[in-house]
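>>> okay, sequence plus prediction incoming.
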Amino acid sequence: MREDYQPNELVGRDEEIQKYQAALQPVINGEQPNNIFLYGKTGVGKTAVTRYLLSHLAEDASQYEDLELHLTFLNCDGLTSSYQIATRLVNEFRDETAQISSTGYPRATVYEMLWKELDAIGGTNLIVLDEVDHVEDDSILYQLPRARANNKVSGAKIGIIGISNDFSFRDDLSPKVKSSLCEQEIHFPAYDAGDLQKILEQRRDVAFRDGVLNDAVIRLCAAYGAKDAGDARQSIDLLMKAGDLAREEEAKTITENHVETGRHDLERGRIEEGIRGLTQHGHLVLYSLLTLHLQDGTPVRSRDIRPRYTSFAQRAGRDPLVPRRMRDHLSELVMLGLVSVTERNEGRRGGTYREYSLAMNVELVLSALDEVVDEVGIHESIHSLVTDDIFRDS
DNA sequence: CGTCCACAGGAATATAAGGTTC
DNA sequence: GAACCTTATATTCCTGTGGACG
């Protein structure tokens, strides 16, 4: 059930696998490898297929004496710049004793180190950059594939495999990067409910005892996954969560009820996770919107959130941020799915503006904030103020 | 049909906090 | 400790824009 579980048969990805294999063929021939770009929504098997194919490739390669293949996986989640990718790669290649820090060096120095490591390793290097869309500049994507051509590296052949959830990322690449990184492109379409069901059945056979898990439950999990953009990861997580719940209460079978509760729990977890990652000002903006929501003041435009936010900020002993920045925090809340937004336009009378409202159950958000308050400190007074507000209301 | 409102959101720049090297 | 590096967060300045109004 875990992320790293690798089924020995991948459902519904035959076509993609075939294309992928063809794209990898040069590696076996000992030629300069293709750069490959994979795209498709989250949880449609991009990473799973990559791991599957590359482990087989490594096996095949080991049978040839003169074929030296090195695989490097790097998930770029949380890495925002080429610089960070480069330092992480250097650290991948170096051993524990010679790790470098993630800031401080001039950019060129880091690249130098990287070339040196690659040269030392030699052979064919396939570097998998998972979730490359998280990096905001494409310098490394330009440098790596050309390291050999630019005589930075002589001993190693380098191939990049870029994986992205976001197709617009490809369009935003500079043309020179696009042409080299996207030599071979493979698109992974979303799973439909039927595919998801097969995937879940496959997991059932290895992870659950017979009779514990019935078809209706599987169908339900698959349906939820299909609803949210054909995401297999999500369906599996949901099934796993339902299983955990059933085990906790020592139930004999997993029921639809467990799935519903599991969904709720996972949702809550996501919210908590999102809120945890916000800055204090992000929290203050959220509190502002929350209280306005409680007073039926939503939907609300940003300038009407501002006074509330300003007073909260002062109460918390913080200088309130400038409106432009406050809007950034609002957008961030929208991206987390905590807040929903509608664009409005009243022409000459009111111009264009956006109206924000809370997209989540108030208690859920508040209890998630509750968890975070202790960690972050600072705004207990506001938290209790808001909590009191609820009491006054009810 | 052009004007013009009020905000959206891009871009350049600043600041502080983390690091390196010499 | 000075000089120089990246990064996250915030500020400042700005151009873009959809549609109601006249």
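Structure received. Predicted model, so just to flag it, every value in this text is computed and none were measured.
>>> burial of residue A:15, as a residue count?
By other CB atoms under 10 Å, the residues close to residue A:15 number 12. For glycine as for every other residue, the C-beta is placed from the backbone atoms N, C-alpha and C.
>>> in which helix or strand does it reside?
Here residue A:15, judged by DSSP states H and E, is contained in helix A:14-28.
>>> contacts for that helix, please.
A:10, A:32-34, A:36, A:38, A:45, A:49-50, A:52-53, A:57, A:60-61, A:64, A:67, A:69, A:124, A:126, A:159, A:184, A:186-188 (CB atoms under 8 Å, 6 or more residues apart in numbering).
>>> of the residues you listed, which belong to helices?
The helices, defined by DSSP state H, take in A:49, A:50, A:52, A:53, A:57, A:60, A:61 from the contacts of helix A:14-28.
>>> what's the neighbour count on the fourth one?
A count of neighbours around residue A:53, defined by other CB under 10 Å, yields 18.
>>> burial measure for the closest residue to it other than its chain neighbours, as a count.
Nearest residue to residue A:53, sequence neighbours excluded (CB to CB, 6 or more residues apart in numbering): residue A:20, at 5.6 Å. Residues within reach of residue A:20, counting by other CB under 10 Å, total 22.
>>> quick one: residue A:20 and residue A:385, what's the gap?
Distance, residue A:20 to residue A:385, using CB to CB, to the nearest Å: 56 Å.
>>> could you dump stretch A:134-152 to CSV, C-alpha only?
Written as CSV, here are the backbone C-alpha positions of stretch A:134-152 (Å, rounded to 0.1, in the frame of the first residue of the first chain):
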residue,chain,number,x,y,z
HIS,A,134,8.3,23.1,-8.8
VAL,A,135,11.6,24.7,-9.9
GLU,A,136,11.2,28.2,-11.1
ASP,A,137,14.1,28.7,-13.4
ASP,A,138,15.3,26.3,-16.0
SER,A,139,19.1,26.9,-15.9
ILE,A,140,19.8,23.3,-14.7
LEU,A,141,17.6,21.9,-17.3
TYR,A,142,19.6,23.7,-19.9
GLN,A,143,23.0,22.9,-18.3
LEU,A,144,22.6,19.2,-17.6
PRO,A,145,21.7,17.9,-21.0
ARG,A,146,24.5,20.1,-22.6
ALA,A,147,27.2,19.4,-20.1
ARG,A,148,28.8,17.0,-22.5
ALA,A,149,28.5,19.1,-25.6
ASN,A,150,29.9,22.1,-23.7
ASN,A,151,32.9,20.0,-22.6
LYS,A,152,32.0,20.3,-19.0
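>>> let me know whether that stretch sits next to DNA strand C.
No - using CB under 7 Å from any atom of the strand, we find that stretch A:134-152 stays clear of DNA strand C, coming within 8.0 Å at best.
>>> residue contacts, residue A:336?
A:271, A:274, A:275.
>>> distance to DNA strand C and pLDDT added to those, as CSV?
Rendered in CSV, the data for those read as follows (distance: CB to the nearest atom of the strand, whole Å; pLDDT from 0 to 100):
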residue, distance to DNA strand C, pLDDT
A:271, 19, 89
A:274, 14, 90
A:275, 14, 91
